[in-house]
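1. no FASTA, just this:
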């Protein structure tokens, strides 16, 4: 009786195995491993990656990527990657395997934490301006002498041009009631604006006439947006800042924001200033100053005391969420959601 049951069990296992499709077998075959795993990775290290092909299925081609950016010239079943000048945080490697019209992707990661702690700066208020309390500020940016602002909330979202001195709305365009506007930036005389969870962005001319739309599918949500004069940089509510082609709208990869204390999440409003990304961390009064090449927080501005100037400040809603740099006049402005004031500040180093 035991023999009969054993035979039935073996037959059942074989039957279940034979039920798997070719694509399932193909996808389950590959694994990606770090051959020289370490607890702490230094700049002088080289990470060795191996693609394990359990059934020797092989591959017609393999594309390697790091943080979703394709590694040019990489191919074959292994990758040797020098870490000098590479990003910090969770450095994620992927191998996408193509074979007989099928494809699958396997991944692994290492974690790099910088040793140097970020410097903490204070600030001085140089000037105070009126800010419209109906503006649920999501993005703030200067262009020439005009201040552009993106405001959020369903049924309230808009894109506006504001008079800096008076807080008066000079011109605005409303978004559909179903859209929750987020960050915005201006590049090559085009205004790019994100929405929160719709995975859609809008493009306008400088007079706020809509000229295009774009989608983002790899990043999680739309939060903050800035640019370096060539590319767009987008936060998505996590620790990631994505690099985007402003013409094709392709997400080209990301950096992960990290300090000596670990990975920093909830990266929100962004502003590009003198080669660095200034980013506020949502529901905090900190502005991180980030190296865009590696994601490292090099310093931070502590703005906790500025909330004393805001009578309607709320830790859960009316929070700090506006950073704008007037490059022409070398002025730095900050404000928040529904704040009655906007401040020109000076960083005390």
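-> Good, I have the coordinates. Since we're looking at a predicted model, the values are computed, not measured. Numbers count the residues shown, from 1 in each chain.

2. any chance you could map the helices in this structure?
-> Per DSSP state H, the chain carries helices over the ranges 2-18, 22-29.

3. Check which helices and strands the shortest one sits against.
-> Judged by 3 or more C-beta pairs under 8 Å, 6 or more residues apart in numbering; DSSP states H and E, the packing partners of helix 22-29 are strand 102-112. In short, each C-beta sits where N, CA and C put it, glycine included.

4. rewinding a little: lowest-confidence stretch among the helices of the chain?
-> Among the helices of the chain, helix 2-18 carries the lowest mean pLDDT, a mean of 45.

5. Which pLDDT value goes with the residue lying closest to residue 82 once chain neighbours are set aside?
-> Leaving aside its chain neighbours, residue 82 sits nearest to residue 46 (5.0 Å; criterion: C-beta to C-beta, 6 or more residues apart in numbering). With respect to pLDDT, residue 46 has a value of 95.

6. With residue 234 as the reference, measure out to the residue nearest to residue 191 when sequence neighbours are not counted.
-> Beyond its immediate neighbours in the sequence, the residue positioned closest to residue 191 (C-beta to C-beta, 6+ apart) is residue 204, lying 4.3 Å away. From residue 204 over to residue 234 the distance is 17 Å, taken as C-beta to C-beta, to the nearest Å.

7. Between these two, which has more neighbouring residues?
-> The residue with more neighbours, out of residue 204 and residue 234 and counting by other C-beta atoms under 10 Å, is residue 234; that gives 29 against 19.

8. I'd like to know the beta-bridge partner residues of the nearest residue to the more buried one once chain neighbours are set aside.
-> Of all residues not flanking residue 234 in the chain, residue 242 sits nearest, at 4.6 Å (C-beta to C-beta, 6+ apart). Residue 242 has the following beta-bridge partners by DSSP bridges: residue 234, residue 254.

9. Now do the closest residue to residue 129 other than its chain neighbours, the pLDDT please.
-> Residue nearest to residue 129 in three dimensions, not counting chain neighbours: residue 342, with 4.6 Å by C-beta to C-beta, 6+ apart. Each residue has a pLDDT score; the one for residue 342 is 95.

10. and if you look at residue 100?
-> The confidence metric pLDDT takes the value 88 at residue 100.

11. so what's the residue most central in space within the chain up against?
-> For the chain, residue 241 is the residue whose C-alpha lies nearest the centre (C-alpha atoms, centre = their mean; 2.4 Å). If a contact means C-beta atoms under 8 Å, 6 or more residues apart in numbering, then residue 241 has 233-235, 254-257, 267, 270, 277, 279, 290, 292, 295 as its contacts.

12. Just name the closest of those to residue 58, please.
-> The shortest approach to residue 58 among the contacts of residue 241 belongs to residue 254, at 31.0 Å (C-beta to C-beta).

13. Against residue 295, how distant is the closest one?
-> Going from residue 254 to residue 295 by C-beta to C-beta gives 9 Å.

14. re the thing from before, most neighbours, which of the contacts of residue 241?
-> Counting neighbours by other C-beta under 10 Å, the one among those with the most is residue 235, which has 31 neighbours.

15. Make sure that residue is actually in contact with residue 264.
-> No - with contact defined as C-beta atoms under 8 Å, residue 235 does not reach residue 264; the gap is 10.9 Å.

16. residue ranges of the strands in the stretch 101-250 of the chain, please?
-> In chain order, the stretch 101-250 of the chain shows strands spanning 102-112, 119-130, 137-143, 146-151, 158-162, 169-174, 181-187, 190-195, 200-204, 210-215, 225-227, 232-235, 240-244, with DSSP state E, counting those that start in this stretch as the criterion.

17. what about the fifth one, distance to the chain center?
-> It refers to strand 158-162. On the basis of C-alpha atoms, centre = their mean, to the nearest Å, strand 158-162 is displaced by 24 Å from the centre of the chain it belongs to.

18. name the helices or strands packed onto it?
-> In terms of contacts (3+ C-beta pairs under 8 Å, 6+ apart), strand 158-162 is packed against strand 146-151, strand 169-174, strand 181-187.

19. Give me whichever of these is most buried.
-> For the helices and strands packed on strand 158-162, the largest average neighbour count (mean count of other C-beta atoms under 10 Å) is found in strand 181-187, namely a mean of 25.

20. which residues touch that one?
-> Strand 181-187 is touched from outside by 138-139, 141, 143, 148-152, 157-159, 175, 191-196, 206, 221-227, 229, 232, 234-235, 246, 268-270, with contacts defined as C-beta under 8 Å, 6+ apart.
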